[in-house]
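In: structure of the sequence below:
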Amino acid sequence: NELLGRMTLEEKVGQMNQYVGFWDLTGPAPDSGDAAEKYEHLRKGYVGSMLNVRGVKNVKGVQKIAVEESRLGIPLIIGFDVIHGYETISPIPLAESASWDLEAIRKSSEVAAEEAAAAGINWTFAPMVDITRDARWGRVMEGAGEDPYLGSKIAKARVLGFQGTDLSEHTTIAACAKHFAGYGFSESGREYNTVDVGTSTLNNMIFPPFQATVDAGVRTFMNAFNVLNGIPATGNEYLQREVLKGKWAFDGFVVTDWGSIDEMSSHGLAKDGKEAAMIAANSGSDMDMESHLYVKELAGLVREGKVQESFIDDAVKRILKVKFELGLFDDPYKYCDLQREKEITGSEEINNAALDIAKKSIVLLKNNNNLLPLKKEGQKIALIGALASDKTSPLGSWRIAADDNTAISVLEGLNQYPGNTVTFAKGADLTYGKTEFVTELKINTTDKSEFKKAKEVAINADVVVMVLGEHGFQSGEGRSRTSLDLPGVQQELLE
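Out: Just a heads-up that it's a prediction; the model follows:
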């Protein structure tokens, strides 16, 4: 309250503004264009948070500007998508959920938080607690599946893992329950599509995991891209003010999803960006992720009487409170220790935790005649499938801090048993013409030229191990599928 009383309206609105990293922090400060304007906003205290700035040197660089060059020196909260590990990758959340092991899931989130915190990050956009019933939706990989009871238990475990028992510890980070609400019920499993559900589904299927995160003390929420029963979630007063901040008494803050305030114009709810900013602020969206509309429009809307300043004050108090709880006012650089970053990243403890949850996440559907486990010696094994030698796909989607080619492939794993003879044949390429942009993966649907070799290898083997499935980037955000078959010619290869 004391700090709020010293803030100008523009500085208050600035706390509600989040920018993505906008210049190379190892080079000179930008002096022209959009980046220069954002840089000036940072120096004026018109930025409350940044996302996708990572690494101690980079985080300390932007934090130093906010703390030492702005008038009030309010520290930034630094956000990043730590979904299933930071640099050390655990199984995708859906796989972890298949373990039914709540303590292992909590531990997985705990070590992910520790590694991310060592890299300067203090806020993750996780867990995703959307319940979904259509497995074609690409983001099923990021959640806990279709059951609200199990989903609620896992949602709580993940929040406790990320946040621990003391948010001011340098090993914990703020969690974010997303996407509020209904995103997983998008029509036909299509990404960003309309959601139209009844009150029974809303209250008994969609809400329970979100309420579980509030009960677990989650500090932030993210609203959803989608329309829910005709109203975009970003401008949905019922969801944000009546249910979340009212009925559930949530006392953290709500961040929008990327640019979703501006998208309310596309939905047809707002005629332009100014009206969209008004609707979002009045409806309870506290922080604007990358639409730039709050910092551009909100102060003027308050002066015009179209947005109550009390709404602004409430949003800013919520944001400042989380920063205080993280200990950033006591030490803005508490997450910026180069030595700790070096020691923690990829440490034995974190690797062991990832290995533990990986083992517990494996699902064996059938084991006819006790074929498994395979003998460790004396067998001729045919290993078939392009994914068998892939060291990137097994990392899954949403692993933006991890390095490519760092998974142990199935081929490498089998070759660790020299008592067996392993012969590999890919059979068919899963992809061809792979481009820089993973949304443009082209699937091989015609080339069967490797089939003959694969059959010859199989005929001469005691046992055949086939590794089939999707490329790691065929699921995730913006990667929904029409049908859940084996992509390309893999089914024919199997037959």
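
In: okay, CA-based contacts and neighbour counts for the rest of this
Out: Noted.

In: tell me the SS of residue 263?
Out: Residue 263 carries the three-state label helix when classified by DSSP: H, G, I helix; E, B strand; the rest coil.

In: number of residues surrounding it?
Out: Burial of residue 263 is recorded as 20 neighbouring residues (other CA atoms under 10 Å).

In: switch to numbering from 853
Out: All right, first residue 853 from here; so that's residue 1115.

In: show the model's pLDDT score for the nearest residue to residue 944 once chain neighbours are set aside.
Out: Spatial nearest neighbour of residue 944, excluding adjacent residues (CA to CA, 6 or more residues apart in numbering): residue 936 at 5.7 Å. We note a pLDDT of 97 for residue 936 in this prediction.

In: and residue 936, what does it touch?
Out: Contact analysis of residue 936 by CA atoms under 8 Å, 6 or more residues apart in numbering lists 942-945, 960-961, 964, 1250-1251.

In: of those residues, which pair is most distant in space?
Out: Checked with CA to CA, these reach their widest spread between 960 and 1250, with 15.2 Å between them.

In: what's residue 891 in contact with, if anything?
Out: The contact partners of residue 891, taken as CA under 8 Å, 6+ apart, are 881-882.

In: can I get the strand or helix carrying it as CSV, trimmed to CA atoms?
Out: Assigned by DSSP states H and E, residue 891 falls within helix 885-896. Extracted as CSV, the C-alpha positions of helix 885-896 are listed here (Å, rounded to 0.1, in the frame of the first residue of the first chain):
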residue,chain,number,x,y,z
GLY,A,885,12.3,1.4,-33.5
ASP,A,886,10.0,-0.8,-31.3
ALA,A,887,12.9,-2.2,-29.3
ALA,A,888,14.1,1.3,-28.3
GLU,A,889,10.6,2.2,-27.1
LYS,A,890,10.4,-1.0,-25.0
TYR,A,891,13.9,-0.2,-23.6
GLU,A,892,12.7,3.2,-22.6
HIS,A,893,9.6,1.7,-21.0
LEU,A,894,11.9,-0.5,-18.9
ARG,A,895,14.0,2.4,-17.7
LYS,A,896,10.8,4.4,-16.8
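
In: in the stretch 1003-1152 of the chain, which spans are helices?
Out: Applying DSSP state H, counting those that start in this stretch to the stretch 1003-1152 of the chain gives helices spanning 1051-1053, 1059-1067, 1089, 1112-1119, 1125-1135, 1145-1155.

In: you'd agree residue 1076 is up against residue 1108?
Out: Yes. Residue 1076 lies in contact with residue 1108 (CA atoms under 8 Å); the separation is 7.3 Å.

In: mutual contacts of the two, please.
Out: Common neighbours of residue 1076 and residue 1108, using CA under 8 Å, 6+ apart, are residue 1086.

In: the two: who's more crowded?
Out: Between residue 1076 and residue 1108, counted using other CA under 10 Å, the more crowded position is residue 1108 (27 against 24).

In: residues of the helix or strand hosting residue 1307 that come out buried?
Out: If you go by DSSP H and E, residue 1307 is part of helix 1303-1311. Counting neighbours by 16 or more other CA atoms under 10 Å, one finds that the buried residues in helix 1303-1311 are 1303, 1306-1307, 1309-1310.
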